[in-house]
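Undergrad: How does the following fold in three dimensions:
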Amino acid sequence: MTEVRPTAEASASLWERDEEVAALVKAVDTLCADRSSSGTLLVVRGEAGLGKTALLAETRRIAEQRGCVVWSARGGETLRSVPFNVVRQLLQPALVSMLPEEAREYLGDWYDIAGPALGIAEPGERHADPQGVCDGLVAAVRRLARREWPLVLLIDDAHWADQETLRWLAAFAERLDDLSVLVVVARRPGDVTPAGARHLDAVAAAAGRPVATLSALTPDGTAGLTRATLGEHADAPFCREVWAVTAGNPYDTVELLAKVRDSGLEPVEARAGELRALNRSARGGGLVDRLEELGIDATRFAWAAAILGTGITVDLVARLLTMSRDDALRCAALLRTARILTSPDPATGQVADGDLEFVHPLIATAVYNSIPDALRRAMHGIAAQVVTDSGRGVAAASRHLLEVHPDDDEELVEQLREAAREHLAVGAPEAARRCLERALEEPPRPDVHARVLYELGCATLLTEPVRTIGHLRTALGMSGLDGEDRVDAVVRLSQALVHNDQLEEAVRTVEAEAARLEPGPARMRLEAVHIMWEGIHAGESIAPGRSERLADLARSCTGRDNSERALLILRGFDALMHGENAEEVVELCDRVLVNGRLAPGFGWTGSEWGIELLLMLANAYAFTDRLDRAESLYNEAVRVYEGAGWHGGHLALAHAYVGVGHRRRGRLREAETSLREALPLAERVGRGLPLYWTVTCNLVDTLLARGHVDEAWEVAERYGFAPPYPSTIVLPDPRAVRGRLLLAVGRTKDGINELEAAEKAADARGHHNPVLVPWATDLARALATEDPDRAARLAVDVRRQAERFGTDTAIGEALRCAAALETGQRAVRLAGQAVAYLEASPCQYEHAAARVEYGIASRSISELGRGLALARSCGADGLVKRARGALEELRR
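TA: Numbering: from 1, shown residues only. Now for the predicted structure:
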């Protein structure tokens, strides 16, 4: 095969890059050799002008020569505010070649999630979840990569990529092990936002190999390039001065040598002193002077091109400048000749005839920065109008609107609000935030100001609860936010406070607002939210008469509307926590459902009530032994969130509670799998938050049930499952679970102290349900030898509470505890009673444990065998080991 050589200009830019080119050749050859090979990620880092773009161009040449499909994209300094800009560029070749029906079929369930971000599908009515969109983009690119093998992805100037693309790139980079694709990313070491730096650092870490850091040309390399360009007669002092003037920067060197050649300057020592003046004209102030020499029209054309940044066409520039097409064509020709603008290489992507781009980003930056500030802002305003008039929409124009000088423009405020809504619909809350913050600078009219703040708070609710709190508090302190919107703002503010672990403040906020309202649906909604936050507060104080007040409110509720349904759920959950009769709890919950399903407007993605209330409903069923209903709700939540593309905290909670359902059933392997799947999602949302505690607590509890004590301890240590505990209620009680963990690892005194702390906290809250707050059974067992009288009293209290609650699981567990404290026939009788209750319970792990304990107490091989079989089916390895040991002892 004949090797196609790079052009002379490309070869000049690749001078002294043999090592980097060799690495690229090896990566391409590895990709082409085996379709089953793992993906390769190469990161090239270097300052401006050191040849990053030239290396990517060489990668394209090599890859295409070997038959690869190559997609490329490039960040832009003035385009960083355009969400999904770079990833859209990257996928353009594939998307353009597909019919809409093909794209929908190929992307499957991800089409409606990732399609709007890619511009190939209309967004839905709801705000898209950013994490779901990111995951959808990862899935979309993976599917396309499998179709297009061997595929090479090139991303240039990644330091200028938009945040949404960088987030996708970091996630995609972590999933290349099973995908045969080559990804090459080029970036500068600086010139990046803190968030962008974190994503790019994650990309570099995922590469699994050192970043290729480009260095300047050596003096010898510069001399070789000079002689290759100007001729062998270029003398050594002249070559040395070229290196000194350019500091070995390849781009500056190539540009300087081009000027030397064009000017006819003799490359000898006597003329070397003229190099500095020539070099100054190539960039910075010298470039601006050179641009002005081309005339005012050409200068204005270059300015307009810099304002547009991308998609530069003669016609678009002419419209922006109100310049005739003939004059625009003349200016474009002048700027091409001056090596300021050029026509893009069609091989780099699909472009329209007549498209233009700057020869180098350094030139684009210099031209943009040379525009007088007031004129630059005005030109952005005109550009926004041109983009909007071209049919690309206000979201596409928003990057220009952001740069317009504030001037009390009502229309601009409305355009920015509309752009924010469009950004939210495609999963770009950061872009929406920028638009709304800019709208506030205009500023809005007094009657609109509060609504803009409210919209800003809604935009940041999922990503930045602290900012949300500030925005919504300010909005509520202003006029202009009334009726349902004001109530909704209060509810959202309380949600943000809860997510920020400020539960007490959330309770006070809702209570104060409810007190301002007359009786009616709005007040009832706030009262329900107030009671909900009080109900999940894990503090040591509780509002006097709260449960009685809630019972009174719920007594007359039939479930005729969602406010009543909310109160019924809250009353049922409160009764559950206090250990009231389980049948009454279930009756309250059943009144919430409509034909066994959630009522309209009461769904998992609804904004009126939030996930917390529905999880209270599902948990009330789970811990009253109605696991069929609980698991139906948990699984529905997962399906709804995945279908809607919600891959953040909501989905993590749903997966966690699917794990809780498995744990209650005794499917311990499945429980561990679901909880481990939820753990990285919970970490993404943030350590120390209620969601995180729910996942870690249930994972530790499940590992202890499996008998994997060392793993449970490792999880606790690694993920911070230790005091201080969260301000919200976590099920089961984390103090009780940690106490059991400490006992399991042999730290008996610490375990007893932790369980006694759980006792104190439960008593303060009136939480006497032994299933949810299971401290007493573990404490009784721990004290059996040291303080048998206290242990016996605890066992009696647990049995009394269990019989009051009335589920088979609660009574069976209380009997197991009582049996563990007895000996002889009394122990056998109590253990047998425990088996009878737990056999009727849906909780098979507890049933298995009771069988094994009964077999040991009664010395029954058959009971131990049944217990062993149950323990195996549950995945309770520790219980299996205990049963086997007891069987071996009996058979001796």
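Undergrad: okay, now residue 105: neighbour count?
TA: 11 (other Cβ atoms under 10 Å). C-beta here means a position set from N, CA and C on the backbone, and glycine is covered the same way.
Undergrad: Now name the helix or strand holding it.
TA: In this structure, residue 105 sits in helix 100-107 according to DSSP states H and E.
Undergrad: Any buried residues in that helix, and which?
TA: 103, 104, 107 (16 or more other Cβ atoms under 10 Å).
Undergrad: Who are the contact partners of residue 600?
TA: residue 594 (Cβ atoms under 8 Å, 6 or more residues apart in numbering).
Undergrad: swap the cut-off to 6 Å and go again
TA: Contacts for residue 600 (Cβ atoms under 6 Å, 6 or more residues apart in numbering) come out as none.
Undergrad: Would you mind measuring from it to residue 635?
TA: Using Cβ to Cβ, to the nearest Å, residue 600 is found at 20 Å from residue 635.
Undergrad: contact partners of the helix holding residue 105?
TA: Here helix 100-107 makes contact (Cβ under 6 Å, 6+ apart) with 111, 120, 140.
Undergrad: Residue 524 is in contact with residue 565, isn't it?
TA: No - here residue 524 lies out of contact with residue 565, judged by Cβ atoms under 6 Å, at a distance of 11.0 Å.
Undergrad: So for the two, which residue has more residues nearby?
TA: Legend: neighbour count by other Cβ under 10 Å for residue 524 and residue 565, higher for residue 565 (26 against 20).
Undergrad: element containing the more buried one?
TA: Going by DSSP H and E, residue 565 is part of helix 562-577.
Undergrad: in stretch 519-536, what counts as buried?
TA: Applying a neighbour-count criterion of 16+ other Cβ under 10 Å, the buried positions in stretch 519-536 are 522-536.
Undergrad: Of those, which pair is most distant in space?
TA: 522 and 536 (22.2 Å; Cβ to Cβ).
Undergrad: Please, where are all the strands along the chain?
TA: Secondary structure of the chain (DSSP state E): strands located at 40-45, 69-74, 151-156, 181-187, 212-213, 312-313, 341-342, 355-358.
Undergrad: Can you lay out these as JSON lines showing mean pLDDT, mean neighbour count and distance to residue 391?
TA: Shown next, in JSON lines, are those (pLDDT from 0 to 100; neighbours: other Cβ atoms under 10 Å; distance: least, Cβ to Cβ, whole Å):
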{"stretch": "strand 40-45", "mean pLDDT": "90", "mean neighbour count": "22", "distance to residue 391": "37"}
{"stretch": "strand 69-74", "mean pLDDT": "90", "mean neighbour count": "22", "distance to residue 391": "23"}
{"stretch": "strand 151-156", "mean pLDDT": "92", "mean neighbour count": "24", "distance to residue 391": "28"}
{"stretch": "strand 181-187", "mean pLDDT": "92", "mean neighbour count": "26", "distance to residue 391": "33"}
{"stretch": "strand 212-213", "mean pLDDT": "86", "mean neighbour count": "16", "distance to residue 391": "42"}
{"stretch": "strand 312-313", "mean pLDDT": "88", "mean neighbour count": "20", "distance to residue 391": "15"}
{"stretch": "strand 341-342", "mean pLDDT": "90", "mean neighbour count": "19", "distance to residue 391": "25"}
{"stretch": "strand 355-358", "mean pLDDT": "86", "mean neighbour count": "20", "distance to residue 391": "18"}
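Undergrad: For residue 687, find the nearest of those.
TA: Nearest to residue 687 among the strands of the chain is strand 40-45; the distance by Cβ to Cβ comes to 27.6 Å.
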